[in-house]
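# No sequence on hand, only this structure:
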């Protein structure tokens, strides 16, 4: 059987011994590499900082905590279930601007209906 599956004899022996000892072949709980940076204390600390200032950037949080940006992103996404994003400031859309936009849209629709509008391609790219 071992030869058909191309498994080493030592592997089969180790699995059999584990089964005889524990009654299972799965690994025991607590084995493997332990968390060193993403501790419960750090996650709690980050959560408190976000409660005080939700606009704080993940980069600044990482620097303040003394961990890498990757670790901080994992804390934000996996541990705190947040969706980090970069806040982008834009100019305000005033009622005057809304009126002008509406006016231009109506003009475009009118030209489309009349057939006097040249071909236009709309995309979502900048």
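Received it, and whenever you're ready, just let me know what you need. This one's a predicted model, so the numbers in the text were calculated from it and none came from an experiment. Numbers count the residues shown, from 1 in each chain.
# those helices in the chain, which residues are they?
2-5, 9-22, 40-52, 58-65, 69-74, 95-114 (DSSP state H).
# Would you mind checking the average pLDDT for the fourth one?
So that's helix 58-65. The average pLDDT within helix 58-65 is 93.
# Run the chain-centre distance for it.
Taking Cα atoms, centre = their mean, to the nearest Å, one finds helix 58-65 lying 16 Å from the centre of the chain it belongs to.
# can you tell me which residues contact residue 56?
Going by Cβ atoms under 8 Å, 6 or more residues apart in numbering, residue 56 touches 49-50. In short, each C-beta sits where N, CA and C put it, glycine included.
# hey, which helix or strand in this structure has the poorest pLDDT?
helix 2-5 (a mean of 77; mean pLDDT, DSSP states H and E).
# Pull up the per-residue confidence for residue 47.
Looking at residue 47, the pLDDT reads 94.
# before we move on, what about residue 120?
Residue 120 is given a pLDDT of 77.
# cool, residue 72 as well?
pLDDT at residue 72 comes out at 94.
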